[in-house]
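Participant: no FASTA, just this:
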Ligand SMILES: Nc1ncnc2c1ncn2[C@@H]1O[C@H](COP(=O)(O)OP(=O)(O)OP(=O)(O)O)[C@@H](O)[C@H]1O
């Protein structure tokens, strides 16, 4: 059979390694070292190519030690005289042997003091032999198994993946704290005990093409109840949206707000909706679709019988999501419902041409956060006028808007002019800053029922919950950020923890993948996830460069901490570090090229502005806050930020032509046309990635995440060079392109491995930017995830990983390691750099958030410490 031989320059144990692959592309072993050492340099110089054949070679080489093969070495005639090829030619080898023999004899004679003439003659013979003619155009030589073999069963080489995995540290992440989930794991709050919808939409009644799973039927019933909330009937009933019923000494009843301790005799108004926070991939989209397909009256679920919906609202649901998941929603509607039953429309890009009247023909409108944020005027922050489209006919909603905080939406904001039955914010944790334009635009929508879907309700701190309440308008008055600050943030540890728990329990439902039903059966069965920390070592100059830059950044952090006004965040620091690194490398590069530092050329400026425009239109997220970038700025190294990230302000390009570029230091200088700078860590990590990808089992598709699109570019180039076909999903891509990429990738490619011929039309690797690709996508076709740079927020990483670890991940045979079916997650970390410490910070961050909910002492100090001490510890400041 034909075999393929190719260089494996990323092999860490042997830089001359040559892989042997089946014609289908699967690696079966390596060429014997004795031979690969000779051939490898010539292959790299492209002086030769190899054609190999052998008898049958099994796909599974376990148990196989060595096997012989025949290799033809082909190349251009002019290279044939290269002395490194002498060993291929019997005549040249004969001459060589004779010369060596003569040499030995000569040395012997010399040693014995024999005559000089003979020695000269022998020397001449040796030189002549080296230039002997011959051709290698079809030279070949047969070797025995010892000389020329496939090594297949030696530790570290015959099972390349096993060997690689052995060098990676397995990280215990399966037991990561899930504070919100844990609240539901106790006693009567156990979601397994929730009532089930008796007759959910499904295949039987023809309303949906799929049936809900049992826990999803419970979820649907809970959602319906939350859309029809009821106040407690007796003093013993649990509070609803924090309102508890109380009796005074005269037997009269009044209402106590358990959050603010305010009392009133007026019956409080409850709001409709809540937070569905099931872990990623358990079917929040699916349950929401079922809710849309269900009768709005709550029939069959409400104990008191159906309740007529308010007719002042249009019977329409608005779904607001990040652009990257808009296609997923249409796909899910198509898959589970179909156009005959429901009509939906995507209100984004060209889809925005429809008028209000035209939109009313649809049941569901899917739009994006970017469209919503664009509906507020640019300089709206100081305005406080009333929402323009409100005619005052929906009093409830007008009351919802805190008068001082009402916004003036643009007159043509169709989405704000509709009174929605229901508004759903998908990935609703994105509205984490209630003062941000995007959050305000969402809060200003008019809706009878408001929902947030998120698998990661808490990203940074308990304040994220407050931000969600601002949209939901639940648990008044804590939905007002100022009131939240007053009653929650400033409360004592114990009181705050109690309050947070009460808010979660009256607004949220969360089920996690490890939960079981009442009979002890898991909610869903998924393969396990194994996490590996895979360290790469930076050497020599790269290591030195990192040390120097980290020292510089450390000084900046110390300064910022002293001033206290800047409040640097983890992301700031990482960005600052990378920026400094890039600037340094850039500077060196420019010095070498003779480009004057500190100047930005017109062409480059045009390029960066174009890119900025493109990214803004595409709705790229701010690298620092992970939200849709407000008043976006781009750095010279093509990083995209909200204007407000002050540490970076000196280094950015603003959209308006009159604003100029102000490079921060003479070091930053100009950048090449595409602005890319190769950080040394990238190449070391890419080498590791290539090794792991190539060693993976046939059929295993992989997701590769990085937060820097520049890194993705370089990874892409390196992988492509290695013959590994890739596809790409990032924030700069248009909606249609994203859709097409996902559609192409989700087709399984069962027998292919990365880099084989079979991966050309159906790639085994998808490169994703963490910002655009971590949320909402269904990519269960993959069973391996690579995180190329650790992220500060564990929840963001969990989001990325759960693109594969979700319903539909049923390919356990694909990644069997040590006999266990598993999804593999690799955290590729540059050893001895700041990244090493990020993983520790992740764990700490989780613990600090958990503390806020548990009410441990000194929570507020701990909270502050995550900002300051951890930053300090990243750069070793605390140790000084
Ligand atoms: N009852 C069901 N029947 C068939 N497929 C289902 C069902 N529930 C969920 N799925 C599928 O499981 C996958 C994950 O579901 P879904 O996208 O709704 O999860 P999610 O919780 O919204 O995830 P994320 O938080 O990542 O957005 C989807 O492909 C969906 O079609």
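Facilitator: Here it is on my side, so go on. On a predicted model such as this, the values are computed, not experimentally measured, just so you know.
Participant: Distance of the residue in the stretch 401-550 of the chain positioned nearest to the ligand relative to residue 755?
Facilitator: With distances taken as Cβ to the nearest ligand atom, the stretch 401-550 of the chain approaches the ligand most closely at residue 455, which sits 3.7 Å away. Yep, even glycine has a C-beta here, placed from its N, CA and C like the rest. Distance, residue 455 to residue 755, using Cβ to Cβ, to the nearest Å: 33 Å.
Participant: do residue 99 as well
Facilitator: Computed as Cβ to Cβ, the residue 99 to residue 755 distance reads 42 Å.
Participant: Also residue 3?
Facilitator: Using Cβ to Cβ, one gets 15 Å for the distance from residue 3 to residue 755.
Participant: how about the residues of the protein near the ligand?
Facilitator: By the rule Cβ under 6 Å from any ligand atom, the part of the chain lying against the ligand is 210, 212-213, 216, 278, 280-286, 332, 335, 455, 776, 778, 802, 806-808.
Participant: Of these, grab the buried ones for ChimeraX.
Facilitator: Applying 16 or more other Cβ atoms under 10 Å to these, the buried members can be selected in ChimeraX as follows:
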select :210,212,213,216,278,280,281,282,283,284,285,286,332,455,776,778,802,806,807
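Participant: and the helix or strand hosting residue 829, which strands flank it?
Facilitator: Secondary structure assignment for residue 829, by DSSP states H and E: strand 820-831. Each strand that strand 820-831 pairs with, and the sense of that pairing, follows from DSSP bridges: strand 528-537 (parallel), strand 782-787 (parallel), strand 816-817 (antiparallel).
Participant: Of all the residues in the longest one, which ones are buried?
Facilitator: For strand 528-537, a neighbour-count test (16+ other Cβ under 10 Å) marks 529-536 as buried.
Participant: Repeat that for stretch 344-361.
Facilitator: For stretch 344-361, burial by neighbour count (16+ other Cβ under 10 Å) applies to 344-349, 351, 354, 359.
Participant: same deal with stretch 430-447?
Facilitator: With burial defined by 16+ other Cβ under 10 Å, the residues of stretch 430-447 counted as buried are 430-434, 436-447.
Participant: Report the secondary structure state of the nearest residue to residue 454 once chain neighbours are set aside.
Facilitator: Of all residues beyond its chain neighbours, the one nearest residue 454 is residue 429 (4.3 Å), with distances taken as Cβ to Cβ, 6 or more residues apart in numbering. When the structure is reduced to helix, strand and coil (DSSP: H, G, I helix; E, B strand; the rest coil), residue 429 reads as helix.
Participant: Residue 20 is in contact with residue 28, isn't it?
Facilitator: Yes: contact status for residue 20 versus residue 28: in contact at 5.5 Å, counting by Cβ atoms under 8 Å.
Participant: Which one of those two is surrounded by more residues?
Facilitator: Ranked by neighbour count (other Cβ atoms under 10 Å), residue 20 and residue 28 place residue 20 first, with 26 against 21.
Participant: Check which element follows whichever strand or helix holds that one along the chain.
Facilitator: Per DSSP H and E: residue 20 is located in strand 18-22. The helix or strand immediately downstream of strand 18-22 is strand 27-31, counting by DSSP H and E.
Participant: If I take the helix or strand following that next one and strand 18-22, what angle do their directions form?
Facilitator: The helix or strand immediately downstream of strand 27-31 is helix 33-44, counting by DSSP H and E. Relative orientation of helix 33-44 with respect to strand 18-22: 90 degrees, computed using axes from the mean of the first three to the mean of the last three Cα atoms, to 10 degrees.
Participant: Domain-wise, how is the chain divided?
Facilitator: For the chain, the domain assignment from automatic domain parsing gives the residue ranges 2-89+134-158, 180-228+272-509, 230-270, 528-534+678-874, 541-555+564-653.
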